[in-house]
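# Compute the structure for the input listed below.
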Amino acid sequence: MKGFVIIMLVLLMSSMVMGQTPVAPAAGDGSVGNPYQIATWQNLYWISQDTAQWDKYYIQTADIDFATADPAINTWDGNQGWIPK
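Down below sits the predicted model:
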């Protein structure tokens, strides 16, 4: 039991350090007639992390500012910054 608690604490701490959270778009279904509506850097991150979404359709609906990324974008991917896949 103690080992399980330690593992859970490590996972929780690593998720706090690696705080990029992919967020699926709130609107659209990825089709030609109803593309996913991308409005945040979290939506872009969602696309980059899920290869099943790469053949879908998207429309950007807002200016996306990575200045609000937490942790800072330059710390992502081993301090390489944003790396679209």
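# Where does pLDDT dip in the chain?
Applying pLDDT under 70 to the chain flags the ranges 1-19, 83-85.
# how does it look with 50?
For the chain, the stretches with pLDDT under 50 are 4-5, 8-18.
# the helices in it, which residues?
Assigned by DSSP state H, the helices in the chain fall at 2-17, 41-49, 76-79.
# Could you list every helix and strand in contact with the second one?
Other helices and strands packing on helix 41-49, by 3 or more CB pairs under 8 Å, 6 or more residues apart in numbering; DSSP states H and E, are strand 36-38. The way it works is simple: take the backbone N, C-alpha and C, and place the C-beta from them, glycine included.
# Parallel or antiparallel, list what pairs with the strand it packs on.
In the sheet, strand 36-38 lines up against strand 58-60 (parallel) (DSSP bridges).
# State the separation between the partner strand and the centre of the chain it belongs to.
In this view, strand 58-60 has its centroid 15 Å away from the chain centroid, taken as CA atoms, centre = their mean, to the nearest Å.
# For that strand, which outside residues touch it?
Contact partners of strand 58-60, identified using CB atoms under 8 Å, 6 or more residues apart in numbering, comprise 25, 28, 30, 35-39, 47.
# can those go into CSV with extra columns for distance to residue 62?
What follows is the contacts of strand 58-60, written out as CSV (distance: CB to CB, whole Å):
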residue, distance to residue 62
25, 11
28, 14
30, 18
35, 14
36, 13
37, 9
38, 8
39, 4
47, 15
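# now, the most widely separated pair of the residues you listed?
30 and 39 (15.0 Å; CB to CB).
# Who has more neighbours out of those two?
Between residue 30 and residue 39, counting by other CB atoms under 10 Å, residue 39 is the more crowded of the two (18 against 14).
# Tell me who's in contact with the more buried one.
By CB under 8 Å, 6+ apart, the contact set of residue 39 is 25-26, 60-62, 64.
# who wins for most neighbours among the residues you listed?
Neighbour max across the contacts of residue 39 (other CB under 10 Å) = residue 25, 23 neighbours.
# Now that one: closest residue in space, sequence neighbours ignored.
residue 36 (4.3 Å; CB to CB, 6 or more residues apart in numbering).
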